[in-house]
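1. show me the folded form of this:
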Amino acid sequence: MQQDSAAHQAAVEHLVTVFLKDSATPSAVQELARQIAAMPEVEAYHFVTKDEALANYKAQLGPDGDAILKNLSRNPLPASFQILVRDPAEVAAVVDRFQTNPIVYRATAATSLLSASPPP
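-> Okay, here's the model as predicted:
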């Protein structure tokens, strides 16, 4: 179990998530995917659709996921790119590359999501 935790922590240290604005056009998303693929710091990446994001969230909620989310009038979760960076020392630089992209809502390192304090 400890080995699994260490492997998970190592993977998290290499992960960047780029959340997209709902207004992003398919062609803009494809162009961003091309840019990500061309980045030498990137080991691998995966595009997560809004529907995939919602399904993943429901799975995290467990057996009550459908009941908890049944009153949603629309899917509030954004599409995103999950990016695996080769070297954790490059994560901040990769995150910074996306901060001014017009279709990006937010780019963040997974470690900052895990260490974020809950709202007061």
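2. quick one, strands of this structure?
-> Along the chain, the stretches classed as strands by DSSP state E are 15-20, 42-48, 80-85, 104-109.
3. most packed of those?
-> strand 15-20 (a mean of 22; mean count of other C-beta atoms under 10 Å). Every C-beta, even on glycine, is put in place using the N, C-alpha and C of the backbone.
4. helices or strands up against that strand?
-> Under the contact criterion of 3 or more C-beta pairs under 8 Å, 6 or more residues apart in numbering; DSSP states H and E, strand 15-20 touches helix 26-38, strand 80-85, helix 91-98, strand 104-109, helix 110-115.
5. quick one: closest of the ones you listed to residue 44.
-> Of all these, it is strand 80-85 that lies closest to residue 44, at 4.6 Å by C-beta to C-beta.
6. give me the sheet partners of that closest one and which way each runs.
-> strand 15-20 (antiparallel), strand 42-48 (antiparallel) (DSSP bridges).
7. out of the ones you listed, nearest to residue 30?
-> Nearest of those (C-beta to C-beta): strand 42-48, 9.5 Å.
8. burial measure for the closest residue to residue 58 other than its chain neighbours, as a count.
-> Among residues not flanking residue 58 along the chain, residue 65 sits closest, at 3.6 Å (C-beta to C-beta, 6 or more residues apart in numbering). Counted with other C-beta atoms under 10 Å, the neighbours of residue 65 add up to 15.
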